[in-house]
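1. Predicted model, plus sequence, below.
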Amino acid sequence: MLVFADRVKENATVEGAGLYTLTGASIGFQSFATAFADGARLQYCAESGTRWEVGEGVFNAVNGTLSRDIIFSSSNNGAAVDWPAGSVKVFCVAASSAIQRSANRGLIVATNGTLAVLAGNARWYAPQPLTFASMDAWVGVAGTGSDILFTLRKNGLFALSGSITDGAFRMPSTSITLAMAAEEWLTLDITQVGANTPGKEPLKNYMDFFDASYGEIT
């Protein structure tokens, strides 16, 4: 899980594509050791002169180092900077890729009005490779007489199912693993509604995802 903190900036030494060895907070800023626990995964920017690198790594409190696991962008055409031996400034950031993922962190598939058994035809297309990690569902008015049942289909084929218990408004958050490639699509079928009083307003199915190649978004 990524962690963030404000006003974290340190001097560091580095050579080539090696680890950043943190040597002390800049004036007016807090150190990585003050802001983060050992093993914290965080995003950083390192700079010196015209060279710069934005990436993600793990803070090692014992050794006072920051790894360079993922490089998002840099002055070296997006690759890790081959630093000459010396000092750089390293500070905590939220990389643009993290902001973009946070802005698109979940999916709601909904039907409107009184529920009825139906085969959904509205498609949601995955904008990038991703894996859904959890799922919720709820209605504005509880159905009675039987559970509300629904099915998610990926590319027209069964992917997973869920239910809202008779008389309940919500299905508890459930862990799932549903991987999708870019441009694959989902639809939502309603297979059973309340036998006495159908649920209403509307059925909403929410799924939280993380990018399978990147890490969980929380």
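-> Okay, I see it.

2. so what are the domain limits for this protein?
-> 9-98, 104-210 (automatic domain parsing).

3. So for Leu2, which of the ones you listed sits nearest?
-> Checking the domains of the chain against Leu2 by C-beta to C-beta gives domain 9-98 as the closest, at 5.6 Å. Bear in mind the C-beta positions are built from the backbone N, C-alpha and C, glycine included.

4. hmm, back to that, ok, of the domains of the chain, where does mean pLDDT dip lowest?
-> Ranked by mean pLDDT, these end with domain 104-210 at the bottom, a mean of 74.

5. Output stretch 6-22 as PDB, restricted to C-alpha atoms.
-> Provided in PDB are the C-alpha atoms of stretch 6-22 (Å, rounded to 0.1, in the frame of the first residue of the first chain):
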ATOM      1  CA  ASP A   6       3.600  16.300   3.700                       C
ATOM      2  CA  ARG A   7       6.900  18.200   3.600                       C
ATOM      3  CA  VAL A   8       9.300  15.300   3.500                       C
ATOM      4  CA  LYS A   9      12.600  16.200   1.900                       C
ATOM      5  CA  GLU A  10      16.100  15.000   2.500                       C
ATOM      6  CA  ASN A  11      19.600  15.200   1.100                       C
ATOM      7  CA  ALA A  12      20.800  11.800  -0.200                       C
ATOM      8  CA  THR A  13      23.900  10.300  -1.800                       C
ATOM      9  CA  VAL A  14      23.600   8.000  -4.800                       C
ATOM     10  CA  GLU A  15      25.700   6.600  -7.600                       C
ATOM     11  CA  GLY A  16      24.500   5.100 -10.900                       C
ATOM     12  CA  ALA A  17      21.200   3.300 -10.500                       C
ATOM     13  CA  GLY A  18      21.800   2.400  -6.800                       C
ATOM     14  CA  LEU A  19      19.700   3.100  -3.800                       C
ATOM     15  CA  TYR A  20      19.300   6.600  -2.400                       C
ATOM     16  CA  THR A  21      21.100   6.800   1.000                       C
ATOM     17  CA  LEU A  22      19.300   9.500   3.000                       C
END
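
6. So which residues make contact with it?
-> With contact meaning C-beta atoms under 8 Å, 6 or more residues apart in numbering, stretch 6-22 is reached by 23-26, 28-36, 44, 46, 57, 63-68, 80-92.

7. again, 7 Å this time
-> 23-26, 29-32, 35, 46, 64-68, 80, 82-83, 85, 87-92 (C-beta atoms under 7 Å, 6 or more residues apart in numbering).

8. Also stretch 64-74?
-> Applying C-beta under 7 Å, 6+ apart, the external contacts of stretch 64-74 come out as 17, 19-22, 32, 44, 52-59, 78-81, 90, 95, 97.
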